[in-house]
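Visitor: how would this look folded up:
(chains A and B)
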Amino acid sequence: MSRELTRYLLTRIAQLLLIVFIAVSINFLIPRLLPGDPVQTAIARLQASGAQQSVDVQAVAAAYKAKYGLDQPMLAQYLNYWRDLFHLDLGVSFAHFPEAVSTEVGNALPWSLGLLAVATLIAFSVGSILGALLAWPGTGKGIRALVPGLMVLTSIPFYLLAIILIYLFAVVWKILPPAGGMDTTRIARLDWGTTLDVLRHALLPLLAIVLGNVGFWALGMRSQMVSVLGEDYITFAEAKGLSPWRVFFWYGMRNAMLSQVTALALAMGAVLSGAVLVEVIFNYPGLGSLLYVAIRGQDYFVIQGVVLMLIVALATLLFVVDLIYPLLDPRIRR
Amino acid sequence: MSIFSNFRGVARGRVGGTLILGVTILAVILLFSAIGPFFVSPHDAAVGSVIPRRPPSLQNLLGTDSQGRDMLTLLIYGTPNTLKMGLIAGFIGVGLGLLFGLLAGNFGGIVDGVIRIVADALLTVPAIAILVIIAGNVDRMTTNVMALVVASLSWMFTTRTIRAQVLTIRERAYVEVARVNGESAIEILFREIMPNLLPFIVASFVGTVGSAILAVIGLEALGLGALEETTLGNTIYWSQQSAAILRGYWWWWGPPIVIIALIFLGLFLTSVGFDRFANPKLARRS
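Guide: Now for the predicted structure:
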């Protein structure tokens, strides 16, 4: 491994750790910086909402006090917070007392990751190829006519697209389920029925995220490809008599993709924020819906747990993208 | 760099077209919220003022919601509130971004290092996650507080842009000449560097307002908005709460989505058009 590559990797690892550190610290500090006792506030809110009559308030208060340790100095609280995190202890849920927050987050995570990963992969590859085609001189009028449509799709937040999609495909034309991750009556098993059911429910949320993103990648790729195609090595490749397909993929797209991957790192935060809201609209059983239910029920530890999970998951994802980058760009590897 | 070279770019058709279309869309929305109140009474935005769940008709041009509010009135009073939050957050975000960007670009060293690392880290964090924690801890949410909450995460992009620009402008010959002529650091900053930053400040502002509005309606969709006030995002939130989609009340959530989409389309076209206008090199290539 060369020195540049080592340096590159070390910087990325440092960045990952920094993001996790900031996330944990924000989660720790904000409730404490605001006026008032978070335990009292949370319990007062819980009682005021009246929805959790079945919950033993005393037990909740004890759990809160144990978790926060508010009588200790700030630094000790902070270190405790970190220690609990290393034990995967995120506190307990109020709404489903005494279930651990880590269990709830763990149940929701695969749904979110699956949806987000597949949607982003589709949007990114389709968008990139489409964008490259848009910049290519030999592309027909039919594809070029897509540009205004892509611009409109890019500018609509994709959870609003989700509402329109539900109305079209689940209300007006009832061909897909409007909500949920699978049929409520189904017992999840690893068989074809379950798989098909999960896919059927995932289709609309997937479509909402893909449609909302594809324009962003296409328009970004188009402007990158335009500048790459203006380079001398493209002219040279054409002059050598290489086939147009080879010039398009190997000389054009491969170089334009580099900045697309960089853009992926910067855009994933926004994509994730949008996906959380798409889940809420579809009542999809992922982190987004968990967050929404927790916010409505003032379920404080769950909110914190989900937020922490979102940030850490994204940071890890970006780290993976960063690891792939040297494979794409030999100049970093050398 | 002469201003006229830019205007020549505008005259060449398409470049100006995008910008003009974007600004026109935004102007129409502003006009809608400015003259709208003359045609409706604020009373109709109150709960129970009209017959609930009516599709669009001559009495209620855009129908009514299930709480008995007139949709057109809600939109007329909600649109300016949504725009207001975007603009306040945009001003604060760009102001902070400009300040941090100038500090980082001018002084370098540790100041630069800290600002750059924090900005980069916050850029990659999903904004909604942090905003949920902040907004969830605010006792009484109003649209003004909401604007402040969103502004707290609206400065990073401007900081990056301004910092990068300051670093290149500082090395230009005319800054060198000013320095040799004995201008102080402050004079150089305001006389030589700032005027050249203007296009970037304007572009950042358009982008920041857009992402601020996006964050605001995102928080509102989660029910963390200023629920006592009328905004576009809250209207969608209430429609979602009443299952308006499944019950087929399209006039409840449809029009606010259209206005939000138009706001974003207008901002997007303005920013793309302005970019070509401010960077003629880019315009010539595409």
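Visitor: next helix or strand past the helix ranked longest in chain A?
Guide: With secondary structure taken from DSSP state H, chain A has its longest helix at helix A:192-229. Once the chain leaves helix A:192-229, the next helix or strand it forms, by DSSP states H and E, is helix A:232-239.
Visitor: what's downstream of that following helix, the next helix or strand?
Guide: Tracing the chain past helix A:232-239, the next element assigned as helix or strand by DSSP H and E is helix A:244-246.
Visitor: For A:E99, grab phi and psi.
Guide: With angles defined as degrees, to the nearest 10, A:E99 sits at phi -70, psi 140.
Visitor: got the contact list for it?
Guide: By CB atoms under 8 Å, 6 or more residues apart in numbering or on different chains, the residues touching A:E99 are A:V92, A:S93. Where you see a C-beta, it was placed from the backbone N, CA and C, and this is true even at glycine.
Visitor: Also compute the angle for the longest helix of chain A relative to helix A:232-239, please.
Guide: Counting by axes from the mean of the first three to the mean of the last three CA atoms, to 10 degrees, helix A:192-229 points 100 degrees away from the direction of helix A:232-239.
Visitor: I'd like to know which elements helix A:192-229 is packed against.
Guide: Counting by 3 or more CB pairs under 8 Å, 6 or more residues apart in numbering or on different chains; DSSP states H and E, the packing neighbours recorded for helix A:192-229 are helix A:101-135, helix A:146-155, helix A:158-166, helix A:254-282, helix B:280-285.
Visitor: Nearest to B:I188, out of those helices?
Guide: Among those, helix B:280-285 comes nearest to B:I188, with 25.8 Å by CB to CB.
Visitor: Average the pLDDT values over the closest one and round to the nearest integer.
Guide: Helix B:280-285 shows an average pLDDT of 52 in the prediction.
Visitor: what's the answer for stretch A:88-99, then?
Guide: 74.
Visitor: One more: stretch A:201-215?
Guide: The pLDDT scores in stretch A:201-215 average 90.
Visitor: Only C-alpha atoms, please: export that stretch in CSV.
Guide: Taking only C-alpha atoms (Å, rounded to 0.1, in the frame of the first residue of the first chain), the coordinates of stretch A:201-215 have been written out as CSV:
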residue,chain,number,x,y,z
HIS,A,201,-45.2,-3.1,-0.5
ALA,A,202,-41.7,-1.7,-1.2
LEU,A,203,-42.5,-0.8,-4.8
LEU,A,204,-44.2,2.5,-4.3
PRO,A,205,-41.8,3.9,-1.6
LEU,A,206,-39.0,2.8,-3.9
LEU,A,207,-40.5,4.5,-6.9
ALA,A,208,-40.9,7.7,-4.9
ILE,A,209,-37.2,7.8,-3.8
VAL,A,210,-36.0,6.8,-7.3
LEU,A,211,-38.1,9.3,-9.2
GLY,A,212,-37.2,12.1,-6.7
ASN,A,213,-33.5,11.4,-7.2
VAL,A,214,-32.9,10.3,-10.7
GLY,A,215,-33.1,13.8,-12.1
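Visitor: If we go by neighbour counts, what in that stretch is buried?
Guide: For stretch A:201-215, burial by neighbour count (16 or more other CB atoms under 10 Å in any protein chain shown) applies to A:201-202, A:204-215.
Visitor: before we move on, what about stretch A:262-276?
Guide: Across stretch A:262-276, burial judged by 16+ other CB under 10 Å covers A:263-265, A:267-276.
Visitor: And the contacts of it?
Guide: Contacts for stretch A:262-276 (CB under 8 Å, 6+ apart): A:112, A:115-116, A:119-120, A:124, A:157-159, A:209, A:212-213, A:216-217, A:220, A:287-288, A:291, A:310, A:313-314, A:317-318, A:321-322, A:325, B:123-129, B:211, B:214-215, B:218.
Visitor: again, 6 Å this time
Guide: Identification of contacts with stretch A:262-276 by CB atoms under 6 Å, 6 or more residues apart in numbering or on different chains yields A:116, A:158, A:209, A:220, A:288, A:314, A:318, A:321, B:124-128.
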